[in-house]
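Participant: generate a structure from the sequence data that follows.
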Amino acid sequence: MAPRSELVTGLFANRALAWSVAGLIAAIGIINALLLATPRLARVRGITDFQDFYVVGRLVLSGRAACAYDWPCLREAQMAEFGHWEYMPWAYPPQFSGLMAVLARVPHPVAFALFSLGTFGLYAVLVWRLSGRYAGFPLALTIPAAIVNMRCGQNGFLTGALLALFAMLYLQRRRSCGAALGAMIIKPHLAAASAIFLMVRREFAAAAVALAVVAVSAAVVILQLGLDIWQAFGQASEQSGRMLWDGKFPLERMVSVYAMLRQAGATAHMAMGAHLLVSLGVVCAVVGLALRCRDERVVLAGITASSALLSPYTYDYDLPIIGVALALIAPVVVPRASGTEALAVGLLSWISASNFLLIYLALELVPGLASHKHVWSVSALCLFAMGLILAAVIRRTERSPLPQCPDHEGIHQR
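Facilitator: Alright, predicted model coming up:
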């Protein structure tokens, strides 16, 4: 079975590519940690996402966890800690606040390095385990999303690693995959598709493990932070929902259908209605895939990728999860993709997470465009187009099946 493109297979089967990409991303994280340690070397306009995380952690350590969910109080804490502020209302579940308290015990540049490099290392190892010799494929195609996370210190590597761990443990038929899914309580909207998948497959034991992890973590939060923290979290979540509806979040950086239509000029009602219809279609596709497809890797890849499309509130920094989906199907896709298909998928993947670059280019090149608020969000279109191309490659592979990749025999235990 000769590969369809020797160039594509040779490129993505080259371990040097995977190591080079991983090294590049890690280097960006190290440089950013050094800049945080020596702020005089960089022009400071506000604070980064991770610095907001760090402030929340400091609030938890000082016994003021509820302050994080009150924007005026959080802004004051940002100013007290860093002398700058950035509008970043906090709406994460209290479990994530508690996790940040662990990191807030050390200076923030060290905390940034531990969090960003640590979560990236875990993510890269799991992606490598899933894709085997083709690790360069998912790592190279998600470089922009990785850079965004390394620059701002977001948690895209952490959520990507948890979904990768869920997929790997599920392929090994371990109930403990539910623990990885339960840990996604830090960003539950990205775990919805995987939860639906477990129900459709009647994996009730794994689902019970996931619920147990959520329940235990909630109990720990109540013991440490008190019951009132949940009321503060609920109020902040409701406020975030209103802000999303009013378009006060940076929609140009979001990857959802809702954001795309809102940026194109649709009303909130029209955009949300269309988003819900598309989400319903995605859920139906997920259910159909789980019931009819025999290739577990393809099923899990579809489940994982759909996580980026179900919620209206998904950002470019969440797209490392697309790398997990690509890792799952890399042994199937890479040997059967043509050069044109690989190039198209690569470009679409890069564009979907290159919102910062697209915004600056648009502001420079489009006459009369004075604000980033007027830049369209094209990520959703790119993700759907990627899905269509990859589906065509997989369907072609089904008609001419490949032998199982030896690198994954341990993962395919049933």
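Participant: surely residue 375 meets residue 357?
Facilitator: No - contact criterion C-beta atoms under 8 Å: residue 375 and residue 357 do not qualify, at 11.0 Å. For glycine as for every other residue, the C-beta is placed from the backbone atoms N, C-alpha and C.
Participant: who's more crowded, these two?
Facilitator: residue 375 (21 against 13; other C-beta atoms under 10 Å).
Participant: and the most centrally placed residue in the chain, how far from residue 168?
Facilitator: Closest residue to the average C-alpha location of the chain: residue 318 at 2.5 Å, with C-alpha atoms, centre = their mean. From residue 318 across to residue 168, the span is 20 Å (C-beta to C-beta, to the nearest Å).
Participant: re the thing from before, chain neighbours aside, what residue packs nearest to the residue nearest to the centre of the chain?
Facilitator: residue 156 (5.3 Å; C-beta to C-beta, 6 or more residues apart in numbering).
Participant: wait, that neighbour sits on residue 323?
Facilitator: No - look at residue 156 against residue 323 with C-beta under 8 Å: they stay out of range, at 9.4 Å.
Participant: overlap of the contact sets of these two?
Facilitator: Shared contacts of residue 156 and residue 323 (C-beta atoms under 8 Å, 6 or more residues apart in numbering): 145-146.
Participant: neighbour count winner among these two?
Facilitator: Shown here are residue 156 and residue 323; by other C-beta under 10 Å, residue 323 has more neighbours (31 against 28).
Participant: tell me who's in contact with the more buried one.
Facilitator: Residue 323 neighbours (C-beta under 8 Å, 6+ apart): 123, 127, 138-139, 141-142, 145-146, 160.
Participant: ok, now with 6 Å
Facilitator: By C-beta atoms under 6 Å, 6 or more residues apart in numbering, the contact set of residue 323 is 127, 138, 142.
Participant: okay but residue 327 is in contact with residue 128, surely?
Facilitator: No - using C-beta atoms under 6 Å, residue 327 is not in contact with residue 128; the gap is 7.9 Å.
Participant: quick one: which of these two has more around it?
Facilitator: Taking other C-beta under 10 Å, residue 327 and residue 128 do not tie; residue 327 has more neighbours (30 against 21).
Participant: measure the more buried one to residue 60 for me?
Facilitator: The gap separating residue 327 from residue 60 is 34 Å, by C-beta to C-beta.
Participant: also residue 341?
Facilitator: Applying C-beta to C-beta to residue 341 and residue 60 gives a distance of 48 Å.
Participant: how about residue 6?
Facilitator: For residue 6, the distance to residue 60 (C-beta to C-beta) stands at 54 Å.
Participant: of those two, which one has the most company?
Facilitator: residue 60 (24 against 10).
Participant: okay, and that one sits in which element?
Facilitator: Using DSSP states H and E, residue 60 sits within helix 49-61.
Participant: quick check: what element follows that helix along the chain?
Facilitator: For helix 49-61, the following helix or strand on the C-terminal side (DSSP H and E) is helix 71-82.
Participant: quick one: that following helix to helix 49-61, angle?
Facilitator: With axes from the mean of the first three to the mean of the last three C-alpha atoms, to 10 degrees defining the directions, helix 71-82 sits at 100 degrees from helix 49-61.
Participant: buried residues in stretch 57-73, which are they?
Facilitator: 57-60, 65-70 (16 or more other C-beta atoms under 10 Å).
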